[in-house]
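[1] got a predicted structure plus its sequence, pasted below:
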Amino acid sequence: MKLVPMLYMFGILIMFAGVFTIVMSIASDGENGQAVLYSVFAVLNGLIAVGVAEILKTVRKNSLQ
């Protein structure tokens, strides 16, 4: 099981879901500030997952050299 590609996929999936939720909650009539806040945290969580995947890829590349 490859950890780095899995982190990339889940991170990007969570980012897109968060952005989609932000856009839909802003575009809807009943904007709920708490839903937007949760979506922002979801996007940040996705960015952290992608960042950790990049760090793991760099560390593994350096450790093999």
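    Received, thanks.
[2] so where is the chain shaky, pLDDT-wise?
    1, 29-31 (pLDDT under 70).
[3] which elements pack onto the one helix or strand Asn45 maps to?
    If you go by DSSP states H and E, Asn45 is part of helix 33-64. Here helix 33-64 touches helix 3-27, going by 3 or more CB pairs under 8 Å, 6 or more residues apart in numbering; DSSP states H and E. Just so you know, the C-beta spots here come from the backbone N, C-alpha and C atoms, and that holds for glycine as well.
[4] what angle sits between the helix it packs on and helix 33-64?
    160 degrees (axes from the mean of the first three to the mean of the last three CA atoms, to 10 degrees).
[5] which other residues reach stretch 36-49?
    By CB atoms under 8 Å, 6 or more residues apart in numbering, the surrounding residues in contact with stretch 36-49 are 7-8, 10-19, 21-22, 25-26.
[6] kindly report the same for stretch 54-65.
    Leu3, Val4, Leu7.
[7] for that stretch, the distance to its chain's centre please.
    21 Å (CA atoms, centre = their mean, to the nearest Å).
[8] over to stretch 48-65?
    Distance, centroid of stretch 48-65 to centroid of chain: 17 Å (CA atoms, centre = their mean).
[9] filter the contacts of stretch 36-49 to the buried ones?
    When these are checked for burial by 16 or more other CB atoms under 10 Å, the buried set is Leu7, Tyr8, Gly11, Ile14, Met15, Gly18, Thr21, Ile22, Ser25.
[10] take those and write them to TSV, including distance to Asn45.
    Shown next, in TSV, are the buried ones among the contacts of stretch 36-49 (distance: CB to CB, whole Å):
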residue	distance to Asn45
Leu7	12
Tyr8	14
Gly11	8
Ile14	6
Met15	8
Gly18	8
Thr21	13
Ile22	13
Ser25	17
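[11] how close does Val59 sit to Met6?
    16 Å (CB to CB, to the nearest Å).
[12] swap that for Ile55, sorry
    15 Å.
[13] run a quick neighbour tally on Ala42.
    19 (other CB atoms under 10 Å).
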